[in-house]
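Undergrad: Sharing a model prediction with you, sequence too.
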Amino acid sequence: MAYPNLKSKGGATATVVLLTPTQIFCANAGDSRTVLSQAGVEAVALSIDHKPTNEEEEKRIEGAGGIVRNKRVMGELGLSRAFGDFEYKSKEGLDAKQ
């Protein structure tokens with residue numbers, strides 16, 4: 001879906017965590033990181049950065065008609081998922097996952 005009326009050239013990343021009495025759920029977009037830590041215990045990563053150089057992300061970018069150059073989307077953006085950055089999301093006919 002194209003966003004022709006949006007003029008913003010900015011973007012943002014995010015990470016969210018949902019804690020229940022028995023589970024931890026984590027979701028992120030971009031290169032925001034979430035770790036779980038406790039004194040005296042090694043920290044555990046709960047999220048994975050969305051980088052253009054990750055194989056799955058690079059395939060998704062190229063499938064949407066983009067390129068990864070110099071480890072960046074279109075040679076400019078250093079992460080492969082974000083809120084905003086609409087100039088990179090203008091190919092008609094693709095759903096949000098693509």
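TA: Right, received. Where do you want to start?
Undergrad: Going by residue numbers, what spans are helices in the protein?
TA: 55-63 (DSSP state H).
Undergrad: Low-confidence stretches in it?
TA: Within the chain, the ranges that satisfy pLDDT under 70 run 1-9, 85-86, 90, 96, 98.
Undergrad: Look up how far residue 13 lies from residue 28.
TA: 7 Å (Cβ to Cβ, to the nearest Å). All C-beta spots, glycine's among them, are computed from the backbone N, C-alpha and C.
Undergrad: same deal with residue 91?
TA: Distance from residue 91 to residue 13, by Cβ to Cβ: 21 Å.
Undergrad: Pick out whichever of the two has more residues nearby.
TA: Using other Cβ atoms under 10 Å, the more surrounded residue of residue 91 and residue 13 is residue 13, with 17 against 13.
Undergrad: In contact with the nearest residue to residue 50 once chain neighbours are set aside, which residues?
TA: Spatial nearest neighbour of residue 50, chain neighbours left out: residue 81 (3.9 Å); criterion: Cβ to Cβ, 6 or more residues apart in numbering. Residues near residue 81 by Cβ atoms under 8 Å, 6 or more residues apart in numbering: 13, 29, 30, 50, 57.
Undergrad: and the fourth one, how many neighbours?
TA: It refers to residue 50. Counted with other Cβ under 10 Å, residue 50 comes out at 19.
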